[in-house]
Structures are given as structure tokens and as C-alpha cells.
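Novice: whatever this is, show me its structure:
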Amino acid sequence: MATSSYCDGVRRRDFLKLGVVGMSGMNLANYFRLAEAGEVRAGKAKAAIFINLAGGPSHMDTFDLKPDAPKEFRGEFDPIETSVPGIQISEHLPKLAQCADKFALLRGVSHSLAAHDLGSQYLNTGNRPIPSLQFPGYGSVIAKEMSGPRDLPPFVAIPNTPQIPGYLGVEYSPFNTTRPPVANQRFSVRGITLGQGMTIEDIEKRRNLLKSLDTTFKGFEEQSDLVNGLDKFSQRAYDIISSSRSRNAFDISKESPSITGLFNEKPFAQSCLLATRLVENGVRFVTVSSGGWDTHVQNFDALKTRQLPDLDSAISGLFTSLAHKGLLESTVVCVTGEFGRTPKINVNAGRDHYPRAMFVLMGGGGINGGQVIGASDDKAMGPASGDGITPDQVAASFYHALGIDVQKEYQTTTGRPIAIARYGTVIKELFA
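Specialist: Coordinates of the predicted model:
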């Protein structure tokens, strides 16, 4: 999965990395210490999977084709029929076309933030970014609202994520795997799988030493919300690293051939396979990030040779495997980038940043699949009518599937009350 810099010179957020449990000590604990900080039916989901297509995928070449638009807009790809009459998507997404009944397609999703980082913040939090406050990502809110097994991380990012805990504090930071799994191999997550010959007894000795050292700073800790939060991470780290269930949850080599056969062997697809295994074992929120969508140059070649085949296998495998495992109704899935791309093709056979129109896929968790909600105009330049669907509405619907009220208020460390997603309203058609 691509991890290069974006076109605007801004690197993706410097994602935190888990250290190796080895000669340098129990670095999973260090990771937790240093982590960045009524009108529709009730939500059914017990877990969530969020797919972040970093870079901004072209809506016109994936899920919102305009075959009747002028040549300089419509591009090189043709639409194909899906398993749902009347719904068409790109010819390079044949597997997704066959499972279109399992997800809802949102078209005409629109905002105005054309920079990667700002658009990513908006789509990963459901709140338009402001300079004075860092909003928590979906995973942090879900980790706070939905309790899970003590010996499993509540919020897992494969391999990393732009989502941060924001004003919720480091206690709700993501657990980054730092790399994707490899097909047909036992996945060794650094910090969960013990390395360098380390045993649980070795970890216990080091943990006791850390406890003794912590006593020295007890007076300071009592006055610091940050340190108290970090200490909670240290305890959670120990619970996870000493758990056989946690190691089993990350081991995709234990999946049956009937499930692994739904995914190709590329990193993106294998990451989605791992996501299904994690929620099956009790993890509440998993996010998978896959880059390479910033196609200013040779958009069509990049999409048809690399991006769309990978997307097709990964997301079709995700929805189909969740259904086969009996988990689709209890797991809500959201697939999106930070914006769409310009309807008019540029001189480099590419498409540029374009937040006025984009797509989002949503499924599972009580969401009615097999439908299109919203629309873009005849050239996919913006919503067909009104303001279209906002990221705030997507967030409210995502949370609603989990039974989380976005108008619930948290307090910042300064006592400021903040709603989870202040301007979010549920998209009723998803659940009606």
C-alpha cells in the first residue's frame, strides 16, 4: 500500500509506530505512552470497519461514471451493470458489481476542502477542521463509547491512520500495526508477538521495574491528566501483550480457504481480511488505509492497472466475507477518500483535487444495501440538487448504525462542551 508524499508536499501524518519487544524493552507500553494523542431504526452494529482511500479517488472512474458527458470529462472507462438492476459502476470493479446488494452507494457527497490533510480530517472525524481544536477520529469515539475485551485493543489501524484521539486524550489513541499482513503467513504484530526470545516472565520483570520507577513521579502524576492517561495505556498494553486471544485475533493464517479465497494476495486485500478477523474476535473498530489515489498524472493507467483491481478484491472480499461469517449485520462498514477528483481531465491525462463531488460506500450494521442515495449533476461537477450529502451526515449515519448519538457532548480539558458531530444528521434512506 502506497505511503509516499502527496502532491502538495505534505506528507501523510507521521503515524506512530510500535516498537519491537526485544532488547529495548516492552515497547508496546511505550507505544501507548507515546501515542498521539427515533425516525429511523436503532443501530445494530457492535463493531465498525473504516476504509480510508488516501489521496482522493476519482468518483467519475469508480462509482459515478458519466458515459454521456463530453469526452474531456467522461474518461476512458465504461460502466457495467451490477447485481442490482439500475445501478452501474466502473468496468474495472466486476467483483464489487456482483455484491452491490451488500452496500449502499452515496453519490454527490460534497464539501469544500481541497487540501489532503484538511479533507482527510473532515472525512475521518465528521467535523469540519478548525484551528482551535483537534477533533477525535471515529475510532477514538467508538473506543470511548463501546467497551470491548480487556485483552484486545479497541481501536486498530492497519497499517496506520490519520485518525487521532484529539481532545479525548491519548487513552483513546489507535493501535497501529505499522505494516500490512502477508498472505498465507502468520501475522506477527510487533508488540503483541514476542520477539528476541522474550517470554511473558521477562515482560513481567520489566513491568515491575517500571512500576518502581513510576513511584518516583507519583506527585506529578496526581496532577497530570496526560500522565494518568498514559498509565492506563501501560496497563492496557500489558493486558494485550500477555493475551493469547490477542495473538490469535491477528493470525490470518488460521482463516479457512473459503474466506482467504475471497481476497487476492496484495497488501490492501490482506489488510481487509485481517480487519474481518479482528472484529470477529471482539475488536470494536478497525481502520484500513490504502494510498496511491492522488492521480494528477496518468489517472487511467494507474487506476486500471493497480488501484481498481486492488480495490475490487479488497472491498468485495470484505463485504462478502463478513456476510459469510454472519457478521455483516453487526458490523458497519464505510469506504471513502478525502475528496473526489476533477471531472475535467487535465493535460497530463490526470484528474486533480475536487471536494465538490465524491462517493462514499456504506454497508452492514442495519444499513439497507443495494441502493444509490444522492446524485451528482450530468458532468459530476457537484450535487444534482441542493448541497448534496455532507461528511457530517455520513458521520452521523455511521455512528447511528452503532447506536451512538452524535449530539452527545464531551468536555475538553478546559471544560468546553463539544458534540461528537455537531452538524451531523442521519441519512434516513440508509436505514428506513
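
Novice: can you give me the neighbour number for Gly282?
Specialist: The burial metric for Gly282, expressed as a neighbour count using other Cβ atoms under 10 Å, is 16. Quick note: C-beta positions are derived from backbone N, CA and C, even for glycine.

Novice: look up how far Lys46 lies from Thr331.
Specialist: Relative to Lys46, Thr331 is positioned 7 Å away (criterion: Cβ to Cβ, to the nearest Å).

Novice: please disregard the earlier target; I meant Leu303.
Specialist: The value you get for Leu303 to Lys46, if Cβ to Cβ is used, is 35 Å.

Novice: neighbour count: these two, which is higher?
Specialist: A count of neighbours by other Cβ under 10 Å puts Leu303 above the other of Leu303 and Lys46, at 25 against 18.

Novice: so that one touches Thr295, yeah?
Specialist: Yes - using Cβ atoms under 8 Å, Leu303 is in contact with Thr295, at 6.8 Å.

Novice: quickly note the distance from Leu308 to Pro79.
Specialist: Counting by Cβ to Cβ, the gap from Leu308 to Pro79 is 13 Å.

Novice: find residues that contact each of these two.
Specialist: In the contact map built from Cβ atoms under 8 Å, 6 or more residues apart in numbering, the residues linked to both Leu308 and Pro79 are Ser90.

Novice: who has more neighbours out of the two?
Specialist: Applying other Cβ under 10 Å to Leu308 and Pro79 shows that Leu308 carries more neighbours, namely 23 against 18.

Novice: helices along this structure, start to end?
Specialist: 27-34, 71-74, 94-98, 116-125, 138-145, 200-216, 218-221, 225-241, 244-249, 257-260, 267-280, 299-302, 308-324, 391-401 (DSSP state H).

Novice: going by mean pLDDT, which of these comes out lowest?
Specialist: Confidence, taken as mean pLDDT, is least for helix 27-34 of the helices of the chain (a mean of 43).

Novice: OK, contacts around Thr390?
Specialist: Taking Cβ under 8 Å, 6+ apart as the definition of contact, the neighbours of Thr390 are 109-111, 423.

Novice: I should have written Ser271 there, sorry.
Specialist: When contacts are counted by Cβ under 8 Å, 6+ apart, Ser271 touches 1, 158-159, 180-181, 288, 290, 314.

Novice: can you add distance to Asp68 and neighbour count and give those residues back as JSON lines?
Specialist: Listed next are those as JSON lines, based on distance: Cβ to Cβ, whole Å; neighbours: other Cβ atoms under 10 Å:
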{"residue": "Met1", "distance to Asp68": "35", "neighbour count": "20"}
{"residue": "Ile158", "distance to Asp68": "39", "neighbour count": "31"}
{"residue": "Pro159", "distance to Asp68": "40", "neighbour count": "19"}
{"residue": "Pro180", "distance to Asp68": "39", "neighbour count": "22"}
{"residue": "Pro181", "distance to Asp68": "42", "neighbour count": "24"}
{"residue": "Val288", "distance to Asp68": "34", "neighbour count": "30"}
{"residue": "Ser290", "distance to Asp68": "31", "neighbour count": "29"}
{"residue": "Ala314", "distance to Asp68": "30", "neighbour count": "28"}
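
Novice: among those residues, name the ones in strands.
Specialist: Residues of those located in strands (DSSP state E): 158, 288, 290.

Novice: which pLDDT value goes with the second one?
Specialist: At Val288 the predicted local confidence, pLDDT, stands at 98.

Novice: ok, it to Ser271 distance?
Specialist: Remark: distance between Val288 and Ser271 (Cβ to Cβ) = 5 Å.

Novice: between those two, which contacts overlap?
Specialist: With contacts defined as Cβ under 8 Å, 6+ apart, the residues shared by Val288 and Ser271 are 158, 314.

Novice: and the residue nearest to Phe103 when sequence neighbours are not counted, how many residues sit next to it?
Specialist: With sequence-adjacent residues excluded and distances taken as Cβ to Cβ, 6 or more residues apart in numbering, Phe103 is closest to Gly363, at 3.4 Å. Residues within reach of Gly363, counting by other Cβ under 10 Å, total 30.

Novice: residue contacts, Gly363?
Specialist: Going by Cβ under 8 Å, 6+ apart, Gly363 touches 102-104, 319, 328, 332-333, 369.
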